[in-house]
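J.: got a sequence here, can you model it:
(one chain, ligands or ions: 1)
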Amino acid sequence: MTATATQTSTQIQESRMKELAGQKAGPCIIVIFGGAGDLTKRKLIPALYNLSLHNLLPDQFAIVGMARSEKSDDSFRDELTQAMEQFATTKIEPQKWDWFLKRIHYLNGHFEDPEAYKKLQTLLAGIDSKVQTGGNYLFYLATAEDYFEQIIKMLAQVGLTNEDENHWRNIIIEKPFGNDLESAKALNRSILSVVKESQVYRIDHYLGKETVQNIMVFRFGNGFFEPAWNNRFIDHVQITVAETVGVETRGGFYERAGALRDMVPNHLFQLLSLIAMEPPTCFDADTVRTKKTELLTAIRPLKREAVRQNAVRGQYGDGTIDGKPAKAYRSESRVAPDSSVETFVALKLFIDNWRWTDVPFYLRTGKHLPKRVSEIAIQFKSPPSCLFRDTNVDTLKPNVLVMQIQPDEGISLQFGAKVPGPTLKIGQVEMDFRYNDYFGASPQTGYETLIYDCMIGDQTLFNRADNVEAGWAVVKPIQEVWQVEKCADFPNYAAGTWGPKKAEELMAQDGRKWRLDNQ
Ligand code: BG6
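T.: Numbers count the residues shown, from 1 in each chain. Below you'll find the model as predicted:
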């Protein structure tokens with residue numbers, strides 16, 4: 001790729017973004033690899049349908065589902081219609097659904113088979129000339145990770161990834177993007193040997209969540225918190241992504257992944273980088289993504305001893321969730337009876353930069369915890385001196401700002417206030433903002449913005465190669481230590497509890513507690 005060609009395509013992307021932001025996307029075809037799979041039915045089709053309801057899809061638009069199973073366009077459409085009964089987030093309007101359904105096609109093909117890509121090419125050319133989709137293609141890789149590289153190479157071989165001034169070709173790649181630093185680097189190298197970075201959209205569905213996107217607006221669209229957003233005023237930060245579900249039907253996948261790989265370098269680090277990164281100078285994709293990488297690369301590398309002290313793993317045993325018995329991870333289907341895979345992780349990290357020196361960031365995530373809740377809690381330092389020494393008030397409770405990502409999205413601030421009465425007593429009160437109260441419920445799958453952004457060429461909410469690699473680099477030493485030092489005490493927490501005792505100790509040794517545990 002010459003410098004001039006790269007520049008031209010960047011300019012095209014930029015002008016397309018300016019023209020189209022908030023308007024109907026331009027003509028295009030979305031090809032979903034893994035078109036008959038779960039993600040397509042649960043998320044992608046409902047999200048695309050929601051986009052059509054909001055008039056964000058153009059008339060010159062089509063979807064091609066590609067998968068191995070044999071079926072006709074009609075039977076594929078029937079399947080999706082049926083799936084929508086279960087997964088649509090809004091009521092289906094028959095006229096809109098008809099409009100949508102007419103644009104859906106199915107192609108049967110094996111991802112390894114070069115002939116399938118020739119058939120795809122012919123099908124796309126046919127749709128282009130019939131529907132005027134202009135040769136613009138979005139390839140959505142909703143397949144098992146093993147196929148990512150192959151599909152992109154095969155698309156490139158038949159010329160389907162070639163762009164010019166008149167048409168664009170983008171690729172969305174699902175998670176997991178690699179399973180450690182080396183494999184992520186190798187995958188990036190391989191993909192970028194056939195397509196440009198500007199065509200690659202590495203998805204992290206956490207960035208599709210409104211409240212996650214709001215972190216940047218909250219920090220940089222308001223004047224009052226940012227001046228206190230540093231080690232002078234902040235004592236520590238807690239990030240929790242807790243799930244009540246276990247591994248369900250995904251035992252096979254989970255045995256290869258575990259909680260660390262599955263959640264930390266991606267979802268948790270998205271939250272961490274948005275909450276802690278330096279302000280970008282503008283809201284442009286590369287500027288924001290550069291700030292995120294800078295933040296992740298500033299995380300203090302964990303040496304072997306630090307891994308032992310600051311990284312806790314857990315695995316659930318038998319227990320109770322919502323009053324119902326839940327079986328141990330080792331008894332789940334397709335899980336080894338002596339599995340040493342973790343279903344819980346807690347970490348204490350430091351960010352070695354000017355802003356965050358000495359502020360610990362505690363992160364944790366786990367399956368079969370007591371509550372489904374994702375939140376970021378920022379605990380502020382106490383005032384420099386306690387005025388109330390000669391009164392009944394001996395301790396002041398800390399101010400805590402909580403950004404609740406899900407469910408019940410909102411932001412709350414806890415602070416002390418005088419309890420009415422003749423003696424001085426300070427009570428902890430809460431100012432609470434709930435999204436629903438202000439903006440009403442907007443039932444979405446979380447994929448709408450991401451797909452739309454890819455259609456208009458905006459990469460802000462997608463990971464660049466260096467973002468992904470920076471995340472893997474942080475967890476690398478943990479992966480290495482955990483691989484050789486098996487955890488002898490698994491299972492070490494009962495399903496329905498807040499994880500192993502050691503996670504509590506991680507906080508207790510610093511004189512702190514997990515905020516949610518006693519609520
Ligand atoms: C996925 C993980 O990426 O995110 C799952 O593979 C996890 O294990 C899920 O359950 C959590 O997403 P959400 O949107 O339900 O918080």
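J.: can you tell me the SS state at the residue in the stretch 51-200 of the chain positioned nearest to the ligand?
T.: When scored by Cβ to the nearest ligand atom, the stretch 51-200 of the chain has K175 as its residue closest to the ligand, at 5.6 Å. Every C-beta, even on glycine, is put in place using the N, C-alpha and C of the backbone. For K175, the assignment made with DSSP: H, G, I helix; E, B strand; the rest coil gives coil.
J.: phi, psi for it please.
T.: phi -80, psi 150 (degrees, to the nearest 10).
J.: ok, the nearest residue to it once chain neighbours are set aside - how many residues close by?
T.: In space, not counting the residues next to it along the chain, K175 is nearest to N266; the distance is 5.8 Å by Cβ to Cβ, 6 or more residues apart in numbering. Residues near N266, counting by other Cβ atoms under 10 Å, number 23.
J.: N266 contacts V474, correct?
T.: No: in this structure, N266 is not within contact of V474 by Cβ atoms under 8 Å, at 11.5 Å.
J.: helix or strand: which one has the residue of the stretch 151-300 of the chain found nearest the ligand?
T.: The ligand sits closest to D262 of the stretch 151-300 of the chain, with a gap of 4.7 Å, by Cβ to the nearest ligand atom. For D262, the element it lies in under DSSP states H and E is helix 251-263.
J.: show me what the helix or strand following that helix is packed up against.
T.: Of the helices and strands lying after helix 251-263 in sequence (DSSP H and E), the nearest is helix 269-276. Helices and strands in packing contact with helix 269-276 are listed as helix 210-220, strand 234-242, helix 285-297, strand 361-366, strand 373-380, helix 465-484; criterion 3 or more Cβ pairs under 8 Å, 6 or more residues apart in numbering; DSSP states H and E.
J.: can I get these in a markdown table including mean pLDDT, mean neighbour count and distance to E115?
T.: What follows is those, written out as a markdown table (pLDDT from 0 to 100; neighbours: other Cβ atoms under 10 Å; distance: least, Cβ to Cβ, whole Å):
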| stretch | mean pLDDT | mean neighbour count | distance to E115 |
| --- | --- | --- | --- |
| helix 210-220 | 91 | 17 | 41 |
| strand 234-242 | 98 | 22 | 43 |
| helix 285-297 | 97 | 19 | 36 |
| strand 361-366 | 98 | 24 | 43 |
| strand 373-380 | 97 | 21 | 44 |
| helix 465-484 | 97 | 19 | 31 |
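J.: out of those, which is closest to I152?
T.: Nearest to I152, of all the helices and strands packed on helix 269-276, is helix 465-484, at 13.5 Å by Cβ to Cβ.
J.: can you list the weak-confidence ranges in the chain?
T.: 1-22, 389-394, 441-442 (pLDDT under 70).
J.: so who does the residue nearest in space to the middle of it touch?
T.: Nearest to the geometric centre of the chain sits Y206, at 2.6 Å (Cα atoms, centre = their mean). Residues counted as contacts of Y206 (Cβ atoms under 8 Å, 6 or more residues apart in numbering) are 212, 266-267, 270-271, 405.
J.: redo those as CSV? Include distance to the ligand.
T.: Shown next, in CSV, are these (distance: Cβ to the nearest ligand atom, whole Å):
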residue, distance to the ligand
V212, 10
N266, 7
H267, 6
Q270, 11
L271, 11
I405, 8
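J.: tell me which two of those sit farthest apart.
T.: N266 and I405, at 14.2 Å, using Cβ to Cβ across those.
J.: C-terminal to the particular helix or strand that has N436 in it, what's the next element?
T.: Element membership for N436 (DSSP H and E) is helix 435-439. Heading C-terminal from helix 435-439, the first helix or strand you meet, by DSSP H and E, is helix 448-456.
J.: now that next one and helix 210-220, what's the angle there?
T.: 80 degrees (axes from the mean of the first three to the mean of the last three Cα atoms, to 10 degrees).
J.: show me what helix 448-456 is packed up against.
T.: Using 3+ Cβ pairs under 8 Å, 6+ apart: helix 448-456 touches helix 3-20, strand 28-33, helix 45-53, strand 137-141, strand 169-173.
J.: how distant is the third one from the center of its chain?
T.: Read that as helix 45-53. Centre-to-centre, helix 45-53 and its host chain are 20 Å apart (Cα atoms, centre = their mean, to the nearest Å).
J.: stretch 388-407 now?
T.: Relative to where its chain is centred, stretch 388-407 has its mean C-alpha point 30 Å off (Cα atoms, centre = their mean).
J.: what's the answer for stretch 123-134, then?
T.: With Cα atoms, centre = their mean, you get 33 Å for stretch 123-134.
J.: and that stretch, what's buried?
T.: 123-124, 127-128, 131, 133-134 (16 or more other Cβ atoms under 10 Å).
J.: and stretch 223-234, by the same measure?
T.: 229, 234.
J.: contacts for it, please.
T.: Here stretch 223-234 has contacts from 218-220, 279, 355-359, 378-381, 401, using Cβ under 8 Å, 6+ apart.
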